[in-house]
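Undergrad: only geometry, no sequence info:
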């Protein structure tokens, strides 16, 4: 059957990437696209790369316009999706690409976002290993999905296997990320101007203030950590897309290079979209550009006493829109990878 | 039916892009990949972005290994495909992505390339308007296709409509191209090092020496020009892929902004993969990244007396591998756009 | 002696570059910096790369604060400097880096800018060859200097030598420029966001609408052109700074490759900051990054019948702030190159 | 007085940067430049950005040609400077920009480099705090200087203050660096091609294999660490120059945010070329482009229990050539900052 789809926030980067991916989806058909400032314009006037959608016009983002579809993807600024989602019928599959429904803890929400707390939906990172199974199982049949933060899912996927297997400690985690500016959206902010980013590496949210921190901690607790502690530093670098997360953790007592590698192999064996590379190989973000794939390289540095995981993700694809579509496929009982690319666009 | 496919030169950029596009082709199945220095290695060890081809190993590039497939794509350095192609059976569809079979004139070949001249095959730019029809017609049923030079097809598509319609002169053409370095392939040359390209715009082949010049002139003669004269300057800019060609020509006596626009509209009406943008709009290379699409903007500058055409193409996609696949589809009587993306990967 | 200097608009890109260059000037001392929104802040809070100015605080941009210095550099948005300049004493050397005092023709101003017309000051491109001498002569002793538009001076310097010598025609000029986004300043505009510029080449002002057109025509008339006609297309490319202008003109009847090269050699013989490269060599923008240097390569394409000039300029240095300082040196009777770098920052 | 200078390896990136910096040095005069493959060519044919050196021709790199100068800078590949240096007179000031004379331990040399061990010279990072003083003191009067590895000095400067003051532990250090490819030199390697670097973040030497590791450990031991353990991961990002090092360490028992900040303030108080930014501010590599400046931001993440230091350095300037010149100034008793820029080239 064909599922009818509406996308709210179709003029932004995440909305655009949803449209690009859904163009190849054999069961989903995008019927409605909405926006805020650009409502009334032809979609391709705002998203000129989406030539296949010449027939669509951006409409207002209202519950009335979004209702009446089988699936609604919300690609709205943080804080904007809660109210709209609440007005949609229960039997509509709603996938929120914003932060509003990711956190289980009201305190976390208050500390890092603020405003009305809307509660957590099923978290859209299917491959995430949990102490009690896998996140995938919690997506089957759901009608409410919270797509992950791109940095958060990249780090959580990197570290959860070792925590679940007990081969790394969770009390002294460090992640440093090279990230492209598209993760920040189309916001008109001076530090996102091309002149500021080109030829430069720019850190931000240093020292424990990034909003994805509670989301990562939540995922690592699901994997078995009691009280995960993470030093997290994102660095903007001059590439439009991509996250390269270098994460490390203390090697647990008794763990060996073999047991460490086995933990990650075990976590992602058989997965199409999260792949551990062979020993000695590490991924580049170009390898996952435009793809729904997280590639991971693993090293055990015995001298430093740390396990190092390097993970490459396209923040807009596997980091956001791809995770949203993959999770929607699962919720509806479709083949999980339907419509999702596994090959990157390189060079 | 499923056509079996072999790709020679699968370790290079053009070969990699062929593989990426063919992964989504419902009728083509890549069975064999060959390389030179990398023969014996797993394909994904050399092309780590092509996760969907984990089952393929690079073999030697020999006629024996390539024979026995329905289709052979040759993505080899200039001068290398002539001999191999000659050894393949006549009923195999051979698509040469190199220059060896593009030029009709032995003199042109001698002047710009040198070495053995192998004669011209059907030129793989289906949408190219000719005085006597369209290039597409010459691809139907052929078993030998010469995929175009990426810069050449971009410029030819830009200017041929006006020449065919007589609204521009062909005696004083100017094209300046911003190009990404992937068009030069994986060659280990100092001027292609990242440190040389990053943060800089670097011209090359200034003053009439670029090898694509005779190929463009040939296409413009097909469009009706008697003796086309083109000033052609490519400029390497810091983006991995993409061509943005700014081409201009003298407005012909009697031509008007309306008749000019009509010439291009007429040339590309109904085309999926070559699209003229509405008046006042011009394309960016990001809009065509990874897509088989050439986007074109048109302006008539009455004060300067010139028609300006700005065309964006992904040199590896529509510029090379996409043109090859599209032309192969036509040759085999398949729907022309089978397996080919129309949406770009942006931002 | 030491001249006291004030810089208005010190929080912007042009103002920052003035400060960077003046840090090495042995006779100029920056005493006052002003800004609009950032007034009250420490300069290095806004321009963190200017460590040598830790002692300066941004003040309001008023005639009162600017008066009382020997030299005032205005680096303000177009339309903002006219009124302020009018309020400064006649004996202060005022250098306007904006457009307000570049154009001699009120009609040109009205057509391309609009608003109050303030009349032309001495144009700050010393090396520009004129039919009646050189622009340098008009800067000696002046107290009012209009620093050039960066694109305009790059193109004017490229073409004026051939026009003055009569070896090229002025009726069919074509310039296509690869330009970095810093030329557009720190404006918060969506098309200047890093995500829009990275990995892409983006044309703008296609078809004869760019504001630098009348400025170029004015300079070419000074060189002897009666009615210059220029097709001008700038293309934003992913480098923070730099202009690579590829300009071409019809070879004049009777002109030869030798007479053409002689025209440019004659124009720039002995110049430190505008250099013609040897035959067969062409400049890259990296070669002039941070330097007050325009490098130029020249080719005569006999088949196309055009002379091609490729010129590299740093839009903020030689294109703006360097031209301003060099012109100020001349006005004050100082050695012309005082404090100005000739070596680029490469790679 | 004027010191005569020879530069060996003047055709490479480090050699070029030495020349660029020395052009502004009032006491040093470059008389001789040598190279290997490019010997016999004009310097500006190989380094076209160095317009001020039009009078120099590249000579062979031999002890005979290098002798007879007051100062010799060696910018040669690792392993090449030992033999040449040994043949130079004792009273010549020799500054080696390669690795050959950095390490005190023959075992470290054997493990990470191999080949003949030449012993350590005075290490050229003047500001480096040592338990027994400051590295600067060891440079006074020396005639043999080992300029640092760019990554190594960046990390050592980041962490040494906290180790010396006892406010961080040295047993669990983590550094992740975003680095530009120019640090790898002009080597013709496939992974350094522009197409591989543009639009991508590429890790290398993951898991404890990078050659700068023993150099960092040595510096941290000088600062007081008994057995420093560092997890070190460099990531190539698409900028030609620059290092942004994010380093972290466990907060020592009893240390407070105040005592931590005091340790770094104390280490770099009064330093011109190593500056700690105010609380809440962090540097970008653009801020130090072309400058001899290391900028540092500091955060104490109490929840993670780590001190985070983000340091920006231009790998060719402060990271290599600037450190060499600064150290030479000290050795000769000249003002330390002579000829060295403190302002970056931004944007």
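TA: Cool, the structure landed. Note that the coordinates shown come from a computational prediction; the quantities given were computed from them, not determined experimentally.

Undergrad: how about the single nearest residue of the stretch 101-250 of chain A relative to chain D, secondary structure?
TA: Here the stretch 101-250 of chain A gets closest to chain D at one residue, residue A:207, 2.9 Å apart by CB to the nearest CB. The way it works is simple: take the backbone N, C-alpha and C, and place the C-beta from them, glycine included. Classification of residue A:207 by DSSP: H, G, I helix; E, B strand; the rest coil places it in coil.

Undergrad: pull the number of nearby residues for the closest residue to it other than its chain neighbours.
TA: Take residue A:207 and drop its neighbours on the chain: the residue closest to it by CB to CB, 6 or more residues apart in numbering or on different chains is residue D:299, 2.9 Å away. Residue D:299 has 26 neighbours, counted by other CB atoms under 10 Å in any protein chain shown.

Undergrad: just to check, residue D:299 is in contact with residue A:206?
TA: Yes. Using CB atoms under 8 Å, residue D:299 is in contact with residue A:206, at 4.9 Å.

Undergrad: give me the common contacts of those two.
TA: Taking CB atoms under 8 Å, 6 or more residues apart in numbering or on different chains as the criterion, residue D:299 and residue A:206 both touch D:282, D:308, D:310.

Undergrad: ok so the second one is a strand residue?
TA: This means residue D:308. Yes. Counting by three-state DSSP, residue D:308 falls inside a strand.

Undergrad: and chain A, which residues reach chain C?
TA: Neighbours of chain C within chain A, by CB under 8 Å from any CB of the partner chain: A:13, A:180-182, A:186, A:188-190, A:192-200, A:238-240.

Undergrad: among those residues, name the ones in strands.
TA: Per DSSP state E, strands hold no members of these.

Undergrad: now a PyMOL select for only the buried ones of these.
TA: Buried residues within the residues of chain A next to chain C, by 16 or more other CB atoms under 10 Å in any protein chain shown, are selected in PyMOL with:
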select buried, chain A and resi 13+180+181+182+186+192+193+194+195+196+197+198+199+200+238+239+240
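
Undergrad: contacts with chain B among the residues of chain A next to chain C, please.
TA: A:13, A:182, A:198, A:199, A:240.

Undergrad: tabulate those (TSV), appending pLDDT.
TA: Compiled in TSV, those are given as follows (pLDDT from 0 to 100):
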residue	pLDDT
A:13	98
A:182	97
A:198	98
A:199	98
A:240	98
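
Undergrad: for those residues, work out which two are farthest apart.
TA: A:13 and A:199 (22.1 Å; CB to CB).

Undergrad: okay, helices next: where are they in the stretch 151-300 of chain A?
TA: Assigned by DSSP state H, counting those that start in this stretch, the helices in the stretch 151-300 of chain A fall at A:194-197, A:213-222, A:257-268.

Undergrad: now do the first one, average pLDDT.
TA: For helix A:194-197, the mean pLDDT works out to 98.

Undergrad: now for it, which elements pack on it?
TA: Judged by 3 or more CB pairs under 8 Å, 6 or more residues apart in numbering or on different chains; DSSP states H and E, the packing partners of helix A:194-197 are helix C:194-197.

Undergrad: what lies in contact with the helix it packs on?
TA: A:13, A:180-182, A:186, A:192-194, A:196-198, A:238, A:240, B:284, B:286, B:347, C:181, C:190, C:202, C:236-238.

Undergrad: cutoff 10 Å now
TA: Here helix C:194-197 makes contact (CB atoms under 10 Å, 6 or more residues apart in numbering or on different chains) with A:13, A:180-186, A:191-198, A:200, A:202, A:236, A:238-241, A:316, B:239, B:284, B:286, B:346-347, C:180-181, C:189-191, C:202, C:236-240.

Undergrad: tell me what residue A:343 is bridged to.
TA: For residue A:343, the beta-bridge partners under DSSP bridges are residue B:50.

Undergrad: what's the burial count for it?
TA: By other CB under 10 Å, 25 other residues sit near residue A:343.

Undergrad: surely it and residue B:47 touch.
TA: Yes. Between residue A:343 and residue B:47 there is a contact at 9.0 Å, judged by CB atoms under 10 Å.

Undergrad: anything in contact with each of those two?
TA: By CB under 10 Å, 6+ apart, the residues touching both residue A:343 and residue B:47 are A:287, B:16, B:19, B:20, B:53.
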